[in-house]
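Asker: Below is the sequence, then the predicted model.
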Amino acid sequence: METLYPLKLALGLYANGTLYEAKNRWTRANLIRFHESTIRPIGGWLLVRTLGGSEIQVLGKPRSTLAWRKNDSTAWVAVGTTGTPSKLYAYSNGVLTDITPVGLVNGAADGQLFSGSGGWGEGGWGDVPWGGFASGGFIADADSWTLDNFGEILLACLTADGKIYESTPTAVATQVTNSPTGCRAVVVTPERFVMALGASSDPRNVAWCSQSNRTLWAPAASNSAGSFPLQTVGRLMSGRRTDRETLLWTDSDLWSAVYVGGNLVYSFQRRGDSCGLIGPNAVCIAEGMAFWMADGQFFSYTGTVRPIPCEVSDYVFGDLNKVQKAKICAVPNVQFGEVTWYYPSVTQSGSENDRYVTLNYRYGFWTTGLLNRACGVGASVFANPQLWDTSGKLYSHEIGMDHEGVAPFLESGPLELGSGDRVLRIQSLIPDEKTLGPVQAFFYSSFQPMSTETLSAAYTLAPRTDVRESGRQFRLRLQSVVMPTGFYNGVYAFDGSIPFGSQSADEDFRVGTFRLGYVAGGFR
């Protein structure tokens, strides 16, 4: 007699530990999101083009981007790139403008691992632990930009160059008059102070210009300019403003700058220790909350620093290319309550961002996938998120369902249908889908947890789908309508690095609770 088993798998991915530890959970995915108790593909994307129809293309590797509005309400997006040459661009209404400062020092496009047995004095500040480094060497980070806006004026700083630049942004950027050099980042506070982080080549120094001004940097009784050296072992990495305070990250801890006025102007307080930022742009603000990636951990801040439990941390940090960690970027997607980190992996054997991990911060769900995005901004100034790929092209996301031929998919861990000691035969699959057609099902079957799995042919879903699969352990794969063409290590399907087919159905779908019909067989 057939037994119907409802696949009520918890939303979100679990990819820590062994595959068997992910039993009765979803464990692998690409281009999938969990939203409002359903499983669906993420939105597609389209190339942004000039008024003449050409693709928006910048030189160098995009490292940071910013969207803002000018006083005439026009929407702008700026991007800073590294490499030879390093560039600064501004885009609006179909026109891309090169606003690179004259004499800009080019930034390194890639991080480098230096080996040796040197000690104190070798490498730059922060490249190695205090007091020297182990014989394994040290990492010289790739250079990066930070961008912010002072009203309608764009401010920019490249780590290799150290100067703070400004642009209107239709004109070539120029150095902000009297601003410090040797800076690592720039941020504008909610009280309209321009802050230079790591000013004068002091990695702990925060310097600020007089309020609502960009040129008065020398402290005097007649202005509110000032500076403050943080008491930290870390080096300043990045800053973000919130409604209440300005958050300052080092690679060791988190500080806040709270406006107090008077002679002090700002009060600096450490908000969290051992929660340093892994890369200058690995942080974003979403709905008033800060989210960032540290080394081996994710954190949030809403007045208190909190570690974020992550059920895919083994997958992410076990494959993170730490030599290129300065390239990691965080992008919010408030419409779906998500923050996505794009990061470079070891598996892909490249140096640019090729994978992503997404947190649904409203429900605590995690998902992962592959996408070569270097940096981006969420929907606010523009109606859709704007992301630059690693080749320098600009895409508008969450538009339609075109994923450039890559099929969204989702895989479960082992499904415990019975006691595990009997051979089972799956006879039917009863789908729970909004519309039948866009999704196919595949089964992975084996007789022991460590045995090689057998991948079934594709099952086209029907109100009752006839299935003929036998084994002790099964996994389910749901995928847009394409046929699989490869395996990973002969054990389970590759997680998306090689697309499972040549084209995607490019259709939207919603997946609910499927049911499996099975009968028990013998013990052998």
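Answerer: Here it is on my side, so go on. Numbers count the residues shown, from 1 in each chain.
Asker: Residue 311 - nearest residue in space that isn't next to it in sequence?
Answerer: residue 14 (4.6 Å; CB to CB, 6 or more residues apart in numbering). Backbone N, C-alpha and C define where each C-beta goes, glycine included.
Asker: Now the phi/psi pair for residue 21, please.
Answerer: phi -70, psi -20 (degrees, to the nearest 10).
Asker: Kindly tell me how buried it is, as a neighbour count.
Answerer: Look at residue 21: counted by other CB atoms under 10 Å, it has 15 neighbours.
Asker: That one and residue 424, how far apart?
Answerer: Residue 21 is 21 Å from residue 424, where distance means CB to CB, to the nearest Å.
Asker: Now do the strands in the stretch 401-524 of the chain.
Answerer: For the stretch 401-524 of the chain, the strands defined by DSSP state E, counting those that start in this stretch occupy 409-412, 424-430, 439-446, 454-455, 459-460, 465-471, 473-480, 515-520.
Asker: Kindly reformat those as TSV containing mean neighbour count, mean pLDDT and distance to residue 79.
Answerer: Formatted as TSV, the strands of the stretch 401-524 of the chain follow (neighbours: other CB atoms under 10 Å; pLDDT from 0 to 100; distance: least, CB to CB, whole Å):
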stretch	mean neighbour count	mean pLDDT	distance to residue 79
strand 409-412	24	96	31
strand 424-430	19	91	46
strand 439-446	21	92	36
strand 454-455	14	92	42
strand 459-460	14	91	44
strand 465-471	16	91	47
strand 473-480	23	92	31
strand 515-520	17	90	48
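Asker: Could you list which residues are in contact with the nearest residue to residue 202 once chain neighbours are set aside?
Answerer: Closest residue to residue 202 apart from its sequence neighbours, by CB to CB, 6+ apart: residue 229 at 6.6 Å. Contacts for residue 229 (CB atoms under 8 Å, 6 or more residues apart in numbering) come out as 202, 204-206.
Asker: Of those residues, which is the nearest to residue 331?
Answerer: Nearest to residue 331, judged by CB to CB, of the contacts of residue 229 is residue 206 at 26.0 Å.
Asker: And that closest one, how far from residue 343?
Answerer: From residue 206 to residue 343 the distance is 28 Å (CB to CB).
Asker: who has more neighbours, these two?
Answerer: Between residue 206 and residue 343, residue 343 has the larger neighbour count (other CB under 10 Å), namely 27 against 24.
Asker: Verify the stated contact: that one with residue 326.
Answerer: No. The criterion here is CB atoms under 8 Å, and residue 343 misses it with residue 326 at 10.8 Å.
Asker: Please name the bridge partners of the spatially most central residue of the chain.
Answerer: Centroid check for the chain by CA atoms, centre = their mean gives residue 341 as the closest residue, at 1.2 Å. Legend: beta-bridge partners of residue 341 under DSSP bridges are residue 330, residue 357.
Asker: Just confirm it contacts residue 282, I think it does.
Answerer: Yes. Counting by CB under 8 Å, residue 341 does reach residue 282; the two are 6.4 Å apart.
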